[in-house]
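A.B. asks: build me a structure from this.
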Amino acid sequence: MNMLAELERYCCFKNEGCNWQGPNYLVDKHEKSCVHRSKELLLTELTTKDAEIRTLTEKNYLLEKSNKDLQAVAIQLTERVTFLEKKVRVYDAFFKAEGESSFKESDLQRVVRLRRLELLAEDSGKDGDRS
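C.D. replies: Residues are numbered from 1 along each chain as shown. Take a look at the predicted model:
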């Protein structure tokens, strides 16, 4: 350490009754916690801290709301993925069973098969809405 850091100093609140005396490098630390600080200074610090608490409380509320909204979206997306996975398995099974036949599908048969798939999708969509 240098000589200035070791220099003994009094607290700046000595006139208010503080008897602290210590090395220069500890003055700031002491003065921030000195019990003899003026009421005006303490009131200013409290006002500043209250404003900071209000700001942080508002930010916390907004972040919690955003988090809840994101969790709801994640749940909806997970349910949608599960629904679509089931739908793909049904379509795969349907097309595989249809593809194993040895006859050529007519346009009318293709329309009927597509309509069945649409009805199946609508029924699956209704089931997905109920969950």
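A.B. asks: now for Lys49, how many residues are close by?
C.D. replies: Per other C-beta atoms under 10 Å, the neighbour tally for Lys49 reads 10. In this view, the C-beta of every residue, glycine as well, is placed from N, C-alpha and C.
A.B. asks: per-residue confidence averaged over the top helix by length along the chain?
C.D. replies: The longest helix of the chain (DSSP state H) is helix 39-99. What helix 39-99 shows for mean pLDDT is 89.
A.B. asks: tell me what that helix is packed against?
C.D. replies: helix 107-130 (3 or more C-beta pairs under 8 Å, 6 or more residues apart in numbering; DSSP states H and E).
A.B. asks: identify the residue nearest the geometric centre of this protein.
C.D. replies: Centroid-nearest residue in the chain: Asn67, 3.9 Å away (criterion: C-alpha atoms, centre = their mean).
A.B. asks: for it, give its distance to Leu7.
C.D. replies: 52 Å (C-beta to C-beta, to the nearest Å).
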